[in-house]
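Visitor: below: sequence and its predicted model.
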Amino acid sequence: MSYKSLALLTALLLAACGGGDETPPAALTSETPGHPPETGAYPGTPSETPVPAVTSGQTVELTGWEVTVYYTAVEKLHTDKAQEVSGCPTIDCGKNRNQQKLGSFPASFVKAVKDEGTGRTSDGRYLNWSYDTGYWMDTAPRDTDGRPLRPWISAAADAGVLKAGSRFTVQRCGTAEVTADVCAKLKAPTWTIVDEFTPGLGGNKHVDVYIGEETEPDFTDSDLYTTLENATLSAIRAQ
């Protein structure tokens, strides 16, 4: 056997036995072209641990949402006929709710309080309303846990949709006819879910945002009293 033939035979035997000093191929990583990023599996192969749609700290885009404003009614902006109101003299009604006559207020103001949840009376107190308590007198507008509402921060949603503590911004105002100024005002804040809807008034893609006190008579006819439709939100869901 010639020297060249012997060398060739030796090389073939080494290759068949796994010998030699060739470097094995590098392992695939998320940086390797053609490898799916951070999934731990190739396309068509299910991951062992599914990645949740949203986890704490992750920002996600939510499309097709309805965004409604709510506000604190102001008694001095209502001048119609007075209506007597009964309820609790304080936020802590007790088991018997301690119903008392709370005073007489303009009928449109009373209706606004029931619709919006809160109203400031002419003497500086607050007439509040909730579906489980009714009317009561207070020192501040309140969220569902009794904390003061914060204008341009506090928001409401059904607990099964966005939990308390979730935060969001309005990215696009959607298809409703709103002025550019109103759209910009609603997009500017970071809203925090601290409140809940009256049962039956929420929905799977519905949030309310609290804008503070009404600023003029017939406030519900103003540009700011609006509902965004098909809006896009950027949200961080609480876990």
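Guide: Nice, I can see it. Since this is a predicted model, take the numbers as computed values, not measurements.

Visitor: bridging residues for residue 85?
Guide: Beta-bridge pairing for residue 85 (DSSP bridges): residue 103.

Visitor: how about the helices in the chain?
Guide: When secondary structure is read from DSSP state H, the chain shows helices at 3-16, 107-116, 180-187.

Visitor: against which helices or strands is the shortest one packed?
Guide: The elements that helix 180-187 packs onto, with contact taken as 3 or more C-beta pairs under 8 Å, 6 or more residues apart in numbering; DSSP states H and E, are strand 167-172. C-beta coordinates here come from the backbone N, C-alpha and C atoms, glycine included.

Visitor: partners of the strand it packs on, with directions?
Guide: strand 191-195 (antiparallel), strand 227-236 (antiparallel).

Visitor: buried stuff in the biggest strand by length in the chain?
Guide: The single longest strand within the chain, with elements called by DSSP state E, is strand 60-74. Buried residues in strand 60-74, counting neighbours by 16 or more other C-beta atoms under 10 Å, are found at 62, 65, 66, 67, 68, 69, 70, 71, 72, 73, 74.

Visitor: from residue 228, how far off is the fifth one?
Guide: Residue 68 sits 8 Å away from residue 228 when distances are taken as C-beta to C-beta, to the nearest Å.

Visitor: what's the answer for the last one, then?
Guide: Separation of residue 74 from residue 228 (C-beta to C-beta): 24 Å.

Visitor: by mean pLDDT, point me to the weakest helix or strand of this structure.
Guide: helix 3-16 (a mean of 40; mean pLDDT, DSSP states H and E).

Visitor: what does stretch 147-164 rub up against?
Guide: 70, 72, 118, 140-145, 166, 168, 188-197, 202-213, 235, 237-239 (C-beta atoms under 8 Å, 6 or more residues apart in numbering).

Visitor: pull out the buried positions in it.
Guide: Here stretch 147-164 shows 149, 150, 154, 155, 156, 157, 158, 161, 162, 164 as buried, counting by 16+ other C-beta under 10 Å.

Visitor: dump these into a markdown table; add distance to residue 172 as well.
Guide: What follows is the buried residues of stretch 147-164, written out as a markdown table (distance: C-beta to C-beta, whole Å):
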| residue | distance to residue 172 |
| --- | --- |
| 149 | 26 |
| 150 | 24 |
| 154 | 22 |
| 155 | 17 |
| 156 | 21 |
| 157 | 18 |
| 158 | 22 |
| 161 | 19 |
| 162 | 18 |
| 164 | 25 |
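
Visitor: turn these into CSV, including distance to residue 223 and pLDDT.
Guide: Below are these laid out as CSV (distance: C-beta to C-beta, whole Å; pLDDT from 0 to 100):
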residue, distance to residue 223, pLDDT
149, 22, 96
150, 22, 96
154, 21, 96
155, 20, 96
156, 21, 91
157, 24, 90
158, 27, 86
161, 27, 84
162, 26, 87
164, 30, 89
